[in-house]
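[1] Kindly generate the corresponding structure for this input.
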Amino acid sequence: MFIPSAAAAWFLPFVLPICFYVAFTDMREMRIKNHAVMALAVVYLVVGLFVLPPWAGDWISGNLGPVKLSLPVYVWQLLHIVVVLIVGILLNAAGVMGAGDAKFCAAAAAFVWVGDFMLVMIILSATLLGAFSAHRLAKHTRLRQFAPHWDSWDRGKLFPMGLTLAGSLVIYLILGIIRGS
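    Okay, the predicted model is just below:
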């Protein structure tokens with residue numbers, strides 16, 4: 001994995017409660033709230049300054065379209081937010097995903113290293129399969145009685161992706177602590 005294990009270890013304690021909140025509110029209300037997305041972005045902005053200080057770390061060269069740039073890792077990771085937000089807005093406009101999901105993906109993108117993209121897609125796929133199966137199983141069994149008023153039970157084919165997205169980010173950071181560079 002490309003994410004530094006120290007960075008994952010610093011991010012996880014701050015990201016974990018936000019992800020639990022996102023998963024819970026998305027199942028309960030079928031919404032990912034803006035304040036949770038902003039909190040996730042602020043975690044990267046603040047904690048990232050200490051974990052990946054732009055003034056002390058290596059600068060990495062890369063291309064941003066036709067322009068060649070050399071930026072600190074902290075800034076490259078911030079650019080992930082912009083790129084993923086643009087893609088998310090387009091997917092939301094096409095009706096593929098909800099706006100909250102798109103914003104959460106954008107905020108979470110700052111925590112994901114480009115070299116780990118395929119691993120994140122595998123984690124996301126596995127988490128989606130498990131979360132969807134568990135949600136549908138609970139929906140059609142007596143487990144539903146533990147939270148009978150959740151909106152996600154009665155939304156037909158819609159599924160609370162916040163459960164999957166938040167779970168995937170947490171799993172990625174845990175794996176980053178264990179297997180990171």
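[2] for the protein, what helix or strand is lowest in average pLDDT?
    Counting by mean pLDDT, DSSP states H and E, the weakest-scoring helix or strand in the chain turns out to be strand 59-64, with a mean of 84.
[3] chain center to that strand: distance?
    23 Å (CA atoms, centre = their mean, to the nearest Å).
[4] and it, what does it pack onto?
    Contacts defined by 3 or more CB pairs under 8 Å, 6 or more residues apart in numbering; DSSP states H and E place strand 59-64 against strand 67-72, helix 73-93. Any C-beta I mention is one placed from the backbone N, CA and C, and that applies to glycine too.
[5] Output it as PDB - backbone C-alpha positions only.
    What follows is the C-alpha trace of strand 59-64 in PDB, where atoms were taken according to Å, rounded to 0.1, in the frame of the first residue of the first chain:
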ATOM      1  CA  TRP A  59       7.500  17.500  -3.300                       C
ATOM      2  CA  ILE A  60       6.200  15.200  -6.000                       C
ATOM      3  CA  SER A  61       6.100  16.000  -9.700                       C
ATOM      4  CA  GLY A  62       3.000  15.300 -11.700                       C
ATOM      5  CA  ASN A  63       0.700  16.500 -14.400                       C
ATOM      6  CA  LEU A  64      -2.500  18.400 -13.900                       C
END
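[6] Neighbouring strands of that strand in the sheet, and parallel or not?
    When pairs are called by DSSP bridges, strand 59-64 turns out to pair with strand 67-72 (antiparallel).
[7] tell me which residues in the partner strand are buried?
    By neighbour count, and taking 16 or more other CB atoms under 10 Å as the criterion, the buried residues in strand 67-72 are 71-72.
[8] Between helix 73-93 and it, find me the angle.
    Here the directions of strand 67-72 and helix 73-93 differ by 120 degrees (axes from the mean of the first three to the mean of the last three CA atoms, to 10 degrees).
[9] contact partners of strand 67-72?
    Contacts of strand 67-72 with the rest of the structure, by CB atoms under 8 Å, 6 or more residues apart in numbering, involve 52, 54-55, 57-63, 79.
[10] From Ile177, how far off is the residue of the chain most remote from its centre?
    Distance from the C-alpha centroid of the chain peaks at Arg142, with 30.4 Å (CA atoms, centre = their mean). Taking CB to CB, to the nearest Å as the measure, Arg142 falls 36 Å from Ile177.
[11] just checking, Thr164 touches Ser133?
    No - under the criterion of CB atoms under 8 Å, Thr164 makes no contact with Ser133, lying 11.2 Å away.
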